[in-house]
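Chemist: predicted model and sequence below, questions to follow.
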There are 2 protein chains.
Amino acid sequence: MSAQFTAIAAIAVRLARLSMIAACLAAGTLLPAAAQTDPLPSWNDTAPKKAILSFVEKVTKEGSADFVPVSERIAVFDNDGTLWPENPVPFQLAFASYEITRLLPDHPEWNDDPAIQAFKKGDLAALLADHARGLLRIVALTHAGMTTEEFDQRVKDWVAKDRHPRFERPYTACIYQPMLELLAYLRANGFQTWIVSGGGKDFMRVWSEDVYGIPPEQVVGSHGQLKFAMKDGKPTLTKTLDTVFVDDKEGKPVGIQQSIGRRPIAAFGNSDGDQAMIEYTTIDNPHPSFGLIVHHTDSEREYAYDAETKSSGKLVTALAEAKERGWTVVDMKADWKSVFPPQK
Amino acid sequence: MSAQFTAIAAIAVRLARLSMIAACLAAGTLLPAAAQTDPLPSWNDTAPKKAILSFVEKVTKEGSADFVPVSERIAVFDNDGTLWPENPVPFQLAFASYEITRLLPDHPEWNDDPAIQAFKKGDLAALLADHARGLLRIVALTHAGMTTEEFDQRVKDWVAKDRHPRFERPYTACIYQPMLELLAYLRANGFQTWIVSGGGKDFMRVWSEDVYGIPPEQVVGSHGQLKFAMKDGKPTLTKTLDTVFVDDKEGKPVGIQQSIGRRPIAAFGNSDGDQAMIEYTTIDNPHPSFGLIVHHTDSEREYAYDAETKSSGKLVTALAEAKERGWTVVDMKADWKSVFPPQK
């Protein structure tokens, strides 16, 4: 049986190769299709683009010492500040704010809640006081106590209705065009593209497939435990804040191992929160590996911050280590031809 | 850019279809290859085989009301008792036993350890007393405190050296041939095949790809938290027993949602521990769905147990629910032509 399947698979692979040749012939050339068009048109022809192309060519070249089999081609991407902005606030906080405002009329008792008051005033110091007690209360009110299906619907509604205050479009339309091209380019070269983010796993999964082409099973993020129960004869999973896992800093390599179980060969981030993930990917890896940091240098088209930031995304130690270890650093202003996709 | 990729993908899909037709022509027929040979040759032509074939045909038929898109074709499999035996003890316990014996000469102090003494005597009652304190001690000694790479190597060594006491072959050669065929058949029809087991995730990932063709990222199981640190300049992940997640009973739908983020459309198990997983898969699912229970009825070729078991795998309430809900029940003795693959 399995020998038959192997034989069929071998025939299919051979025919797939033939059909690639046929496609090239149809296109009037025997060069692979990818060589004809620029896979990263929104990247300037500066060092980062060259480094990406060179790494991918190296690990996909069969017979070379640097060749990495498809099953090991794992690429991991931070989300906030790497695939989409994190200003003026991380977008998940905008979702929480939208939800508090939406729910407030039904909860007059919240008007006496110090966490809600601090949140409405944008008083981050008050929210973070006493082990972030206020912030946890906001998270509890907006991210727990409902079923996973109810939560998904709330995120969908927010995506449909809320708009980014500066870019005046849905938050999910504020995504980096150069990174979309990079995701597609890596996948076209046999990579699995995973999100590994400090953001909420359940929050990202709702739109990650539509927006990035990343299916829910390839989204790693912070999460609390779920509770299974039959309710009115239907199976339900309710979100809780029990045993919360924070997928940030040293949590990122842990999240990678727990969800993927293989060491990535490429990691993309933008802050000190991504440093451990890029270390895990690039240090002592038996395969060739690649680390990249997006440096936010473009206040005109996006935002400029690193050591000083009003939101998340502090970048100091990871930038220093990038220089030491030869990780690629993207200067957003110099290296990206465009930042966002054209508006529809 | 993405329009170009879409166009290329569309051409590739069309050529792939052409090449399937070419393969059929080469084989002397225009029927799909799968129709020519029996995809489940180790299954007798009884009800379970018919139910499996009929379900897969139904959900893969484009244009039909029951069609399920490839991205939603998630199948989940319990491991112990469903893909391999769980007698005379769950195989992971055989691994723990092997490890204790191997490590004992270096740990004379263990001779005074009541947990070790109970374990050596096979005194399960003593191990399970006081909230399974003894068993947890055995798990701690054999499954925590080492790096993930060290643990992987220990499991590999056990696979290479230990033998099943009755079947006298490596434990990983004691796998159910009919289930191997089922896994391959589902994958050939666009399904993702996931393990969702009460067993240790890290334990199964070491051999799941070789043995079942299931990659580590599609193995869901019980696990403790990991700790990331740089040691001697190298990134390491150390196994701990912090915040242990038990992927059994109500934990299975939770593990599925945490790791997959989509509801399966097919679930395969053999015990009451799989009941919640099969409920979650088959009740109130917007897609057509399939539940199956392997009933161990074959003491001659394997083992016979259900309500009474000397190992894990108690089957009472799930068997009753199977009748109510129309889940398929495999009578191992009557429905399987062979149990294990031929020995090499």
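Modeler: Right, received. Where do you want to start?
Chemist: which positions in the stretch 101-250 of chain A make contact with chain B?
Modeler: Residues of the stretch 101-250 of chain A lying close to chain B (CB under 8 Å from any CB of the partner chain) are A:148, A:180-181, A:184, A:188, A:192, A:201-202, A:205, A:209, A:215-217, A:219, A:223, A:225-230, A:233-235, A:237, A:243, A:245, A:250. From N, CA and C alone the C-beta is placed, and that goes for glycine too.
Chemist: give me the phi and psi for the closest residue in space to residue A:225 that isn't next to it in sequence.
Modeler: Residue nearest to residue A:225 in three dimensions, not counting chain neighbours: residue A:242, with 4.2 Å by CB to CB, 6 or more residues apart in numbering or on different chains. Phi and psi for residue A:242, reported as degrees, to the nearest 10, are phi -70, psi 150.
Chemist: then residue A:304?
Modeler: The phi and psi values for residue A:304, taken as degrees, to the nearest 10, are phi -120, psi 120.
Chemist: residue contacts, it?
Modeler: By CB atoms under 8 Å, 6 or more residues apart in numbering or on different chains, the contact set of residue A:304 is A:296, A:297, A:298, A:333.
Chemist: just the ones of those residues in helices?
Modeler: Cross-referencing the contacts of residue A:304 against helices under DSSP state H gives residue A:333.
Chemist: make JSON lines out of the contacts of residue A:304 and add pLDDT and distance to chain B.
Modeler: Output for these, formatted as JSON lines (pLDDT from 0 to 100; distance: CB to the nearest CB, whole Å):
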{"residue": "A:296", "pLDDT": "98", "distance to chain B": "23"}
{"residue": "A:297", "pLDDT": "98", "distance to chain B": "23"}
{"residue": "A:298", "pLDDT": "98", "distance to chain B": "20"}
{"residue": "A:333", "pLDDT": "98", "distance to chain B": "21"}
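Chemist: compare the contacts of residue A:304 and tell me which is most surrounded.
Modeler: residue A:296 (23 neighbours; other CB atoms under 10 Å in any protein chain shown).
Chemist: which ones are touching that residue?
Modeler: By CB under 8 Å, 6+ apart, the neighbours of residue A:296 are A:81, A:270, A:302, A:303, A:304, A:305, A:306, A:313, A:315, A:332.
Chemist: give me that answer again for 10 Å
Modeler: Shown in contact with residue A:296 (CB atoms under 10 Å, 6 or more residues apart in numbering or on different chains): A:81, A:85-87, A:270-271, A:302-306, A:309, A:313, A:315, A:330-333.
Chemist: list buried residues within those.
Modeler: Buried members of those, counted by 16 or more other CB atoms under 10 Å in any protein chain shown: A:81, A:85-87, A:270-271, A:302-306, A:309, A:313, A:315, A:330-333.
Chemist: excluding its backbone neighbours, what's nearest the most centrally placed residue in chain A?
Modeler: For chain A, residue A:79 is the residue whose C-alpha lies nearest the centre (CA atoms, centre = their mean; 3.2 Å). In this structure, residue A:79 finds its nearest non-sequential neighbour in residue A:197, 3.8 Å apart by CB to CB, 6+ apart.
Chemist: what secondary structure does that neighbour sit in?
Modeler: With DSSP: H, G, I helix; E, B strand; the rest coil as the basis, the three-state label of residue A:197 is strand.
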